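Colleague: I'd like to go over a predicted model; first the sequence, then the structure.
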Amino acid sequence: MSLPQKLDYIFEYYKFPLVLILIAVVALGSMLYYRLTNRNALLYVAYTNISVGDTLDRALSEGFTKAIGADPRSNEVKLYRNLYLSQDPSAQNHEFAYASRLKVMASVTNGQLDVLLMNRDAFNILSASGYLMPLETLLAQEPDLAARVAGRLVLNSVILEDNDIEHTLDESVPYQAITEEIANGLLVSAFPLFERAEFSGDVYLGVIGNSARLDAVLQYIDYLTRVSPTG
């Protein structure tokens with residue numbers, strides 16, 4: 001048989017095994033690619049209502065990875081960029097804010113959010129919603145770090161109970177809430193690493209209440225308070 005006839009014969013009688021082999025090769029290749037390119041998440045960090053330049057972005061991710069001696073080829077700080085939270089009901093902002101709120105909720109539910117870097121508006125929203133843990137409790141594990149940042153802790157309100165549903169259904173019912181002031185924010189824009197970022201306002205760090213990587217969170221806070229803009 002000629003070569004085309006041989007190929008036609010092989011395809012006709014062995015096409016099913018060949019398809020199975022092809023599927024197996026593709027699956028194996030995908031698995032190998034995932035293992036070679038997927039990196040362990042040391043920490044999940046979200047930028048909320050702030051814009052971060054490339055230099056600072058690298059310092060907040062790759063810089064931390066190197067600072068703690070982790071191999072950047074297999075480890076990373078997972079960043080969520082460009083999240084936006086607002087209580088402004090305008091059509092221009094509502095859709096973006098709603099999508100960002102869903103992203104935050106899903107990440108928290110999946111245990112894939114640890115640290116938030118945010119402006120005051122986002123800080124107020126996340127604090128009131130009860131997402132942020134008291135930092136004094138966390139920092140008590142590292143007395144030296146706690147002493148170093150004590151003057152930068154910021155109080156904010158946490159809503160313990162309110163009548164938001166009743167008020168929403170009937171605006172004649174005045175809104176009432178029982179709140180508690182908790183030190184759940186850290187003013188990080190006062191630290192040297194952020195001094196050249198030229199943010200339009202203060203930037204705060206908050207820690208998600210259900211974070212499973214608190215040791216890494218403490219390392220991250222320590223890193224942010226020590227590193228200079230040039231590393």
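Modeller: Structure's in. What do you need? What you see is a predicted model, and the numbers here were worked out from it, not measured in a lab.

Colleague: does the nearest residue to A140 once chain neighbours are set aside count as helix, strand or coil?
Modeller: Leaving aside its sequence neighbours, A140 sits nearest to A146 (CB to CB, 6 or more residues apart in numbering; 6.3 Å). In this view, the C-beta of every residue, glycine as well, is placed from N, C-alpha and C. Taking DSSP: H, G, I helix; E, B strand; the rest coil as the rule, one finds A146 in the helix state.

Colleague: roughly how far does A146 sit from P72?
Modeller: 29 Å (CB to CB, to the nearest Å).

Colleague: between the two, which has more neighbouring residues?
Modeller: Set side by side, A146 and P72 show more neighbours around A146, with 17 against 14, by other CB atoms under 10 Å.

Colleague: quickly note the distance from the residue nearest to A140 to T137.
Modeller: 10 Å.

Colleague: need the contact list for the residue nearest to A140.
Modeller: E136, L139, A140 (CB atoms under 8 Å, 6 or more residues apart in numbering).

Colleague: A183 is in contact with the first one, correct?
Modeller: By that I understand E136. Yes. Contact between E136 and A183 holds when scored by CB atoms under 8 Å: they sit 5.3 Å apart.

Colleague: overlap in contacts of those two?
Modeller: With CB under 8 Å, 6+ apart, E136 and A183 have common neighbours L153.

Colleague: the two: who's more crowded?
Modeller: Neighbours of E136 and A183, each counted by other CB under 10 Å, are more numerous for A183; the result is 16 against 13.

Colleague: tell me the helix or strand right after the helix or strand containing A24.
Modeller: Using DSSP states H and E, A24 falls within helix 3-37. Next along the chain after helix 3-37, taking DSSP H and E as the criterion, comes strand 40-48.

Colleague: partner strands of that following strand and their direction?
Modeller: Partner strands and pairing direction for strand 40-48 (DSSP bridges) are strand 75-83 (parallel), strand 115-118 (parallel).

Colleague: packing partners of the next helix or strand after the first one?
Modeller: Going back to what we said before, that points to strand 75-83. Sequence order places helix 91-109 as the next helix or strand after strand 75-83, per DSSP H and E. Other elements packing on helix 91-109 under the criterion 3 or more CB pairs under 8 Å, 6 or more residues apart in numbering; DSSP states H and E are strand 40-48, strand 75-83.

Colleague: mean confidence (pLDDT) on helix 91-109, please.
Modeller: For helix 91-109, mean pLDDT rounds to 85.

Colleague: okay, and for the protein, where does confidence drop off?
Modeller: Within the chain, the stretches with pLDDT under 70 are 1-16, 18-19, 29-38, 89-92, 167, 230-231.

Colleague: what do you get if the cut-off is 80, keeping everything else the same?
Modeller: Within the chain, the ranges that satisfy pLDDT under 80 run 1-39, 88-94, 160-173, 175-177, 179, 196, 198, 228-231.

Colleague: and S61, what is it in contact with?
Modeller: V45, E76, V77, L79.

Colleague: may I have stretch 210-218 exported as CSV, CA atoms only?
Modeller: This file holds the C-alpha atoms of stretch 210-218, laid out as CSV (Å, rounded to 0.1, in the frame of the first residue of the first chain):
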residue,chain,number,x,y,z
ASN,A,210,-11.6,34.4,59.0
SER,A,211,-8.1,34.6,57.6
ALA,A,212,-6.3,31.2,57.9
ARG,A,213,-2.9,32.7,57.3
LEU,A,214,-2.4,34.9,60.3
ASP,A,215,1.3,34.1,60.7
ALA,A,216,1.8,35.3,57.2
VAL,A,217,-0.4,38.4,57.9
LEU,A,218,1.9,39.3,60.8
